[in-house]
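Q: Quick one, fold the following:
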Amino acid sequence: MPKDWVVSENENIWFSRDDSKMYFGTALRPEPEEKDTLLDEEKVKVDVWSWIDPLLQTQQLVELKKELKRTYLTVYHPQTKKVALLASEQIPEVNMILHGNANIALGVADKDFQAEKSWQFPSRKDYYIVDINTGDKEIVLEKTTAETDISPFGNYVFWFDKGKRAWLAKNTKH
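A: From the prediction side, this is the model:
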(Lines give C-alpha, C1' and ligand atoms only; values in the text may rest on other atoms or scores of the structure.)
Protein backbone atom coordinates (compact mmCIF):
# COMPACT_ATOMS: atom_id res chain seq x y z
CA MET A 1 0.00 0.00 0.00
CA PRO A 2 1.22 3.54 -0.61
CA LYS A 3 2.85 5.35 2.29
CA ASP A 4 0.38 7.21 4.53
CA TRP A 5 -2.56 5.08 3.33
CA VAL A 6 -4.67 2.97 5.69
CA VAL A 7 -7.55 0.52 5.53
CA SER A 8 -10.68 2.67 5.55
CA GLU A 9 -13.59 2.28 7.94
CA ASN A 10 -15.86 3.57 5.16
CA GLU A 11 -15.75 0.40 3.05
CA ASN A 12 -16.72 -3.17 3.85
CA ILE A 13 -14.24 -6.01 3.55
CA TRP A 14 -15.35 -8.75 1.16
CA PHE A 15 -13.91 -11.89 -0.38
CA SER A 16 -13.92 -13.20 -3.92
CA ARG A 17 -16.40 -16.01 -4.33
CA ASP A 18 -13.53 -18.55 -4.49
CA ASP A 19 -11.94 -17.05 -1.32
CA SER A 20 -8.63 -16.46 -3.12
CA LYS A 21 -8.72 -12.67 -2.70
CA MET A 22 -9.77 -10.23 0.01
CA TYR A 23 -11.04 -6.81 -1.10
CA PHE A 24 -11.20 -3.69 1.04
CA GLY A 25 -11.13 0.08 0.77
CA THR A 26 -8.11 2.23 1.50
CA ALA A 27 -7.68 5.97 1.86
CA LEU A 28 -5.13 8.53 2.90
CA ARG A 29 -4.55 8.48 6.65
CA PRO A 30 -6.85 11.18 8.07
CA GLU A 31 -5.17 14.17 9.64
CA PRO A 32 -5.85 14.46 13.38
CA GLU A 33 -8.36 17.20 14.11
CA GLU A 34 -6.98 20.18 15.97
CA LYS A 35 -8.63 21.14 19.24
CA ASP A 36 -11.04 24.00 18.57
CA THR A 37 -12.00 26.40 21.35
CA LEU A 38 -14.42 28.53 19.31
CA LEU A 39 -18.15 28.07 19.65
CA ASP A 40 -20.13 27.29 16.48
CA GLU A 41 -21.74 30.74 16.49
CA GLU A 42 -18.27 32.34 16.63
CA LYS A 43 -17.13 30.63 13.44
CA VAL A 44 -17.50 32.15 10.00
CA LYS A 45 -18.51 29.80 7.20
CA VAL A 46 -17.49 30.79 3.69
CA ASP A 47 -17.63 28.81 0.46
CA VAL A 48 -14.99 29.92 -2.02
CA TRP A 49 -15.29 28.95 -5.67
CA SER A 50 -13.18 29.79 -8.68
CA TRP A 51 -14.20 29.63 -12.33
CA ILE A 52 -11.29 27.23 -12.92
CA ASP A 53 -12.62 24.67 -10.41
CA PRO A 54 -13.62 21.45 -12.17
CA LEU A 55 -17.04 21.35 -10.47
CA LEU A 56 -19.58 24.10 -9.86
CA GLN A 57 -19.76 25.23 -6.25
CA THR A 58 -23.21 23.72 -5.77
CA GLN A 59 -21.94 20.36 -7.07
CA GLN A 60 -18.87 20.57 -4.81
CA LEU A 61 -21.16 20.94 -1.79
CA VAL A 62 -23.28 17.97 -2.89
CA GLU A 63 -20.18 15.80 -3.42
CA LEU A 64 -18.36 16.87 -0.22
CA LYS A 65 -19.66 14.15 2.14
CA LYS A 66 -19.09 11.47 -0.48
CA GLU A 67 -15.54 12.70 -1.13
CA LEU A 68 -14.72 12.78 2.58
CA LYS A 69 -15.68 9.09 2.78
CA ARG A 70 -14.12 8.06 -0.56
CA THR A 71 -12.18 4.83 -0.52
CA TYR A 72 -10.06 3.15 -3.16
CA LEU A 73 -10.54 -0.54 -3.86
CA THR A 74 -7.56 -2.65 -2.82
CA VAL A 75 -6.97 -6.40 -2.94
CA TYR A 76 -4.96 -8.71 -0.69
CA HIS A 77 -3.77 -12.04 -2.09
CA PRO A 78 -3.37 -14.40 0.94
CA GLN A 79 -1.39 -17.02 -1.00
CA THR A 80 1.32 -14.56 -2.09
CA LYS A 81 0.82 -12.11 0.80
CA LYS A 82 0.76 -9.25 -1.73
CA VAL A 83 -1.44 -6.17 -1.77
CA ALA A 84 -2.45 -4.33 -4.96
CA LEU A 85 -4.13 -0.93 -5.09
CA LEU A 86 -6.77 -1.30 -7.81
CA ALA A 87 -8.42 2.12 -7.67
CA SER A 88 -6.58 5.40 -7.26
CA GLU A 89 -7.19 9.13 -7.22
CA GLN A 90 -6.73 9.11 -11.01
CA ILE A 91 -8.93 6.00 -11.54
CA PRO A 92 -11.40 6.06 -8.63
CA GLU A 93 -13.93 3.53 -9.93
CA VAL A 94 -13.18 -0.15 -10.53
CA ASN A 95 -15.92 -2.52 -11.70
CA MET A 96 -15.34 -6.13 -10.73
CA ILE A 97 -16.48 -9.23 -12.62
CA LEU A 98 -17.07 -12.84 -11.63
CA HIS A 99 -17.66 -11.83 -8.01
CA GLY A 100 -14.01 -10.83 -7.64
CA ASN A 101 -12.66 -14.13 -9.01
CA ALA A 102 -11.35 -12.68 -12.29
CA ASN A 103 -7.80 -11.46 -12.83
CA ILE A 104 -8.93 -8.20 -14.43
CA ALA A 105 -11.49 -5.47 -13.81
CA LEU A 106 -12.69 -2.34 -15.61
CA GLY A 107 -11.38 0.98 -14.29
CA VAL A 108 -13.21 4.23 -14.98
CA ALA A 109 -11.70 7.73 -14.81
CA ASP A 110 -13.51 11.01 -15.37
CA LYS A 111 -11.41 13.42 -13.32
CA ASP A 112 -9.97 15.17 -16.40
CA PHE A 113 -13.49 15.79 -17.71
CA GLN A 114 -15.34 16.93 -14.58
CA ALA A 115 -15.71 20.53 -15.75
CA GLU A 116 -17.53 19.29 -18.87
CA LYS A 117 -20.32 17.86 -16.72
CA SER A 118 -21.69 21.42 -16.47
CA TRP A 119 -22.53 21.55 -20.17
CA GLN A 120 -22.09 18.09 -21.71
CA PHE A 121 -24.09 14.95 -21.10
CA PRO A 122 -22.99 12.30 -21.08
CA SER A 123 -19.55 13.49 -20.08
CA ARG A 124 -16.37 11.88 -21.35
CA LYS A 125 -14.50 9.12 -19.52
CA ASP A 126 -11.39 7.01 -19.89
CA TYR A 127 -11.59 3.23 -19.41
CA TYR A 128 -8.79 0.95 -18.23
CA ILE A 129 -8.17 -2.75 -17.80
CA VAL A 130 -6.96 -3.20 -14.22
CA ASP A 131 -4.77 -6.21 -13.41
CA ILE A 132 -6.09 -7.62 -10.12
CA ASN A 133 -2.78 -9.30 -9.29
CA THR A 134 -0.51 -6.27 -9.72
CA GLY A 135 -2.77 -3.23 -9.81
CA ASP A 136 -1.29 -2.29 -13.22
CA LYS A 137 -3.63 -0.32 -15.46
CA GLU A 138 -3.81 -0.23 -19.25
CA ILE A 139 -5.98 2.28 -21.08
CA VAL A 140 -8.45 0.69 -23.49
CA LEU A 141 -10.77 3.56 -24.41
CA GLU A 142 -10.07 7.29 -24.14
CA LYS A 143 -12.28 10.37 -23.99
CA THR A 144 -15.48 8.52 -24.80
CA THR A 145 -19.06 9.41 -23.97
CA ALA A 146 -20.17 5.85 -24.66
CA GLU A 147 -21.44 3.74 -21.80
CA THR A 148 -18.82 1.03 -21.58
CA ASP A 149 -18.78 -2.34 -19.85
CA ILE A 150 -16.74 -5.50 -19.61
CA SER A 151 -17.96 -8.94 -20.71
CA PRO A 152 -18.89 -11.46 -17.98
CA PHE A 153 -15.60 -13.36 -18.24
CA GLY A 154 -13.48 -10.27 -18.94
CA ASN A 155 -12.53 -11.18 -22.50
CA TYR A 156 -13.93 -7.98 -24.05
CA VAL A 157 -14.63 -4.36 -23.27
CA PHE A 158 -17.70 -3.27 -25.24
CA TRP A 159 -19.61 -0.06 -25.95
CA PHE A 160 -22.15 1.48 -28.30
CA ASP A 161 -20.68 4.05 -30.70
CA LYS A 162 -23.51 6.51 -31.48
CA GLY A 163 -21.64 8.02 -34.44
CA LYS A 164 -21.21 4.64 -36.13
CA ARG A 165 -24.52 3.33 -34.77
CA ALA A 166 -22.81 0.10 -33.88
CA TRP A 167 -21.75 -1.99 -30.92
CA LEU A 168 -17.97 -2.22 -30.72
CA ALA A 169 -15.72 -4.48 -28.67
CA LYS A 170 -12.05 -4.62 -27.85
CA ASN A 171 -10.34 -7.86 -26.91
CA THR A 172 -8.72 -7.63 -23.47
CA LYS A 173 -6.34 -10.49 -24.26
CA HIS A 174 -3.29 -9.38 -26.19
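Q: Stretch 7-26: end-to-end distance?
A: Stretch 7-26 has its terminal residues 4 Å apart, counting by CA to CA, to the nearest Å.
Q: Can you mark which positions in stretch 27-39 are buried?
A: Neighbour counts over stretch 27-39 (16 or more other CB atoms under 10 Å) mark Ala27 as buried. Yep, even glycine has a C-beta here, placed from its N, CA and C like the rest.
Q: what pLDDT, on average, does it get?
A: Taken as a whole, stretch 27-39 has an average pLDDT of 82.
Q: Which phi and psi values does the residue of the chain most remote from its centre adopt?
A: Most distant residue from the mean C-alpha position of the chain: Glu42, 37.8 Å away (CA atoms, centre = their mean). For Glu42, the backbone dihedrals (degrees, to the nearest 10) come out as phi -90, psi -10.
Q: Next: Arg124.
A: Main-chain torsions, Arg124, degrees, to the nearest 10: phi -80, psi 160.
Q: how close does the spatially most central residue of the chain get to Asp126?
A: Nearest to the mean C-alpha position of the chain, counting by CA atoms, centre = their mean, stands Pro92 at 1.7 Å. Using CB to CB, to the nearest Å, Pro92 is found at 12 Å from Asp126.
Q: ok, Gln79 to Lys3 distance?
A: Distance, Gln79 to Lys3, by CB to CB: 25 Å.
Q: my guess is Thr134 meets Val83, correct?
A: No. Checked against CB atoms under 8 Å, the pair Thr134 and Val83 is beyond contact range at 10.6 Å.
Q: who touches both of Pro92 and Asp126?
A: Val108, Ala109 (CB atoms under 8 Å, 6 or more residues apart in numbering).
Q: mind listing the helices for the protein?
A: 57-68 (DSSP state H).
Q: What ranges in it fall below the confidence cut-off?
A: 174 (pLDDT under 70).
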